[in-house]
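J.: Here's a sequence, model it:
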Amino acid sequence: MITNFFIPELNNHDVQELWFQQDGGTCHTARATIDLLKDKFGDRLISRFRPVNWPPRSCDLTPLDYFLWGYVKSLVYADKPQTLDHLEDNIRRVIADIRPQMLEKVIENWTSRLDYIRASRGSPMPEIIFKM
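T.: Numbers count the residues shown, from 1 in each chain. From the prediction side, this is the model:
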């Protein structure tokens, strides 16, 4: 995906100021993956063992991780797609159906999480409540 889609798509945009963040998953931190990303982002790469290390438990902080992927996955697999075409159609449909109002609520929730982190000075967040 990085070689065939992501990098070619980036070539259509100015990424000189763009940072790339990914979690510490093994496939994300493989040398080949990191080398591809370092070529494009240099030191603007947030990942495990990189110049900017992936923050622990930060999935609690990123809206894509704490909300969007789970939401999309639950709808994409609701009808148990049996073919790749069916799966791709479901993904396109679910993404297209996401409304700006939902994303606004996600960002409001994310902002409140950041406020909580600032107030707690980075301590763990066991009592975070997911609001939608």
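J.: From W110, how far out is the nearest residue to I46 once chain neighbours are set aside?
T.: Here the nearest residue to I46 in space, its sequence neighbours aside, is Q21; by C-beta to C-beta, 6 or more residues apart in numbering that works out to 3.9 Å. Placement of C-beta: from N, CA and C, glycine included. Separation of Q21 from W110 (C-beta to C-beta, to the nearest Å): 14 Å.
J.: repeat for Q82
T.: Q82 is 35 Å from W110, by C-beta to C-beta.
J.: Look at those two and report which has more neighbours.
T.: Counted by other C-beta atoms under 10 Å, Q82 and W110 do not tie: W110 has more neighbours, with 16 against 8.
J.: picking up where we left off before, I'd assumed S47 was in contact with the residue nearest to I46.
T.: Yes. The pair Q21 / S47 is scored as a contact, 7.3 Å apart, by C-beta atoms under 8 Å.
J.: what about the two, which has more around it?
T.: Neighbour comparison, Q21 and S47: the larger count goes to S47, with 22 against 16 (by other C-beta under 10 Å).
J.: and that one, how far is that from H86?
T.: S47 sits 33 Å away from H86, going by C-beta to C-beta.
J.: I'd like to know how far the residue sitting nearest the centre point of the chain sits from D35.
T.: With distances taken as C-alpha atoms, centre = their mean, L64 lies nearest the centre of the chain, 4.3 Å away. Distance, L64 to D35, by C-beta to C-beta: 24 Å.
J.: Please apply the same query to R99.
T.: Applying C-beta to C-beta to R99 and D35 gives a distance of 39 Å.
J.: worst-scoring helix or strand of the chain, pLDDT-wise?
T.: Least confident helix or strand, the chain: helix 63 with a mean of 70, by mean pLDDT, DSSP states H and E.
J.: Can you name the residues in contact with that helix?
T.: 106-107, 109-110 (C-beta atoms under 8 Å, 6 or more residues apart in numbering).
J.: and which of these is nearest to I91?
T.: Nearest to I91 among those, counting by C-beta to C-beta, is V106 at 18.4 Å.
J.: Quickly find the element holding that closest one.
T.: Per DSSP states H and E, V106 falls inside helix 100-120.
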